[in-house]
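J.: got a predicted structure plus its sequence, pasted below:
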Amino acid sequence: MTNLINIERRLRIAGTLIVLGLLIELGSLLWSHPLAFILFIVAGGLLMAAGIIVYLYSLVSGDDSVARKNSEVRPLSEA
Amino acid sequence: MFGPTSILIAIIIIAVVLIGLLIIKPSITVSRGGKVLAFVSLLVFPVLGGSMGVSEHIERSKSTEFCTSCHVMKDYGKSLLIDDASYIPAGHFQNNRVPRDAACYTCHTDYAMYGGFRAKLRGLRHVYAQYIGKIPDKIELYNSYNNRECLHCHQGARSFEEGATHNMEEGRLDLMKANKLSCMSTGCHSATHDVKNLPNLTFWSPDKAKKDAAGAADEVDAGSNR
């Protein structure tokens, strides 16, 4: 995990949050009770929203580790 | 064959599988195809699944089973089976004047602009009262029952418009239509859920009714064969 670049780490976090949200949604669909709706909205909805925000953030923030690497001054001999 | 719930479950499973692939190997997003996969599985499917989930849950909240799943509403559900058609909810439920699977919602929603939305908000308030707040000792409607809800189905029906009692005096029908004379006035359709008297009442059982009808038919057959 440590050798993953930032965007990949963020995608994993986003994916995990969304999967958890979707699994809660799946569970709530199999449970016919007023609390199932609350569970779906509060837990499932929040996790999915958080995952989507992390994903969108990973798109707009770009990969600063790659940018940093590219901005490093290379010795002339390597060029 | 495939209802909305099945489609929604399929979408969730597909999304989980695709996201699982992305979690295991996030480096696939380097390629164009991988970026599309990430977009579809992390944005399109969750948004689609979430909105379909909200719609499905809202639809489920209209069911009689849903309304009577809270302990406090059990007796109100039982009152739909009172073996006396003069009880309005029981008469409507047993004679399919309202859809049996959405009996509570059909009579207790507001047939006005945003009525369905207001009914959902009231439902959330009930869930709050059930689990966090305090259930009132006496369960009452927020406002007196509006004739509009009855007229949503009955207005224009011959039995309503030409009913002898409804036309007993000049202008009575107009007063009812204007909600100035309640359909549930004493002496009219005042027998409703009456949960306090449930122990003293008898109940209709659809299965028992079928068995009784079958038994009666057998007796008739046996009599004709004699």
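T.: Nice, I can see it. Numbering: from 1, shown residues only, chains lettered A, B, ... in the order given.
J.: would you map the helices across the chain?
T.: Looking at chain A here, since you left the chain open. Shown for chain A, the helices assigned by DSSP state H span residues A:6-29, A:34-39, A:46-61, A:64-71.
J.: hmm, no, I was thinking of chain B.
T.: B:4-24, B:32-39, B:45-60, B:64-67, B:74-78, B:88-94, B:103-108, B:115-131, B:147-154, B:158-161, B:172-177, B:206-225.
J.: which one of these lies nearest to A:L20?
T.: helix B:4-24 (9.9 Å; CB to CB). For glycine as for every other residue, the C-beta is placed from the backbone atoms N, C-alpha and C.
J.: would you tell me whether the closest one gets close to chain A?
T.: Yes: using CB under 8 Å from any CB of the partner chain, helix B:4-24 comes into contact with chain A via B:5, B:8-9, B:12-13, B:15-16, B:19-20, B:22-23.
J.: okay, those in a markdown table with pLDDT next?
T.: A markdown table is the format used below for the residues of helix B:4-24 next to chain A (pLDDT from 0 to 100):
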| residue | pLDDT |
| --- | --- |
| B:T5 | 87 |
| B:L8 | 92 |
| B:I9 | 93 |
| B:I12 | 94 |
| B:I13 | 95 |
| B:A15 | 95 |
| B:V16 | 95 |
| B:I19 | 96 |
| B:G20 | 95 |
| B:L22 | 93 |
| B:I23 | 93 |
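J.: drop anything exposed from these.
T.: Using 16 or more other CB atoms under 10 Å in any protein chain shown as the burial test, the residues of helix B:4-24 next to chain A include B:8-9, B:12, B:15-16, B:19, B:22-23 as buried.
J.: closest one of those to B:H57?
T.: B:L8 (10.4 Å).
J.: the closest one and B:S63, how far apart?
T.: B:L8 sits 17 Å away from B:S63, going by CB to CB, to the nearest Å.
J.: next one: B:T192
T.: Distance, B:T192 to B:S63, by CB to CB: 21 Å.
J.: count of neighbours near the residue of chain A found nearest chain B?
T.: Among the residues of chain A, A:E8 lies closest to chain B, at 3.8 Å counting by CB to the nearest CB. A:E8: 22 surrounding residues under other CB atoms under 10 Å in any protein chain shown.
J.: can you pull the contacts of it?
T.: Residues in contact with A:E8 (CB atoms under 8 Å, 6 or more residues apart in numbering or on different chains) are B:26-27, B:29.
J.: check B:A38 and give its pLDDT.
T.: Model confidence at B:A38, expressed as pLDDT, equals 94.
J.: and for the one 10 residues further on?
T.: Residue-level confidence at B:L48 comes out at 95, pLDDT.
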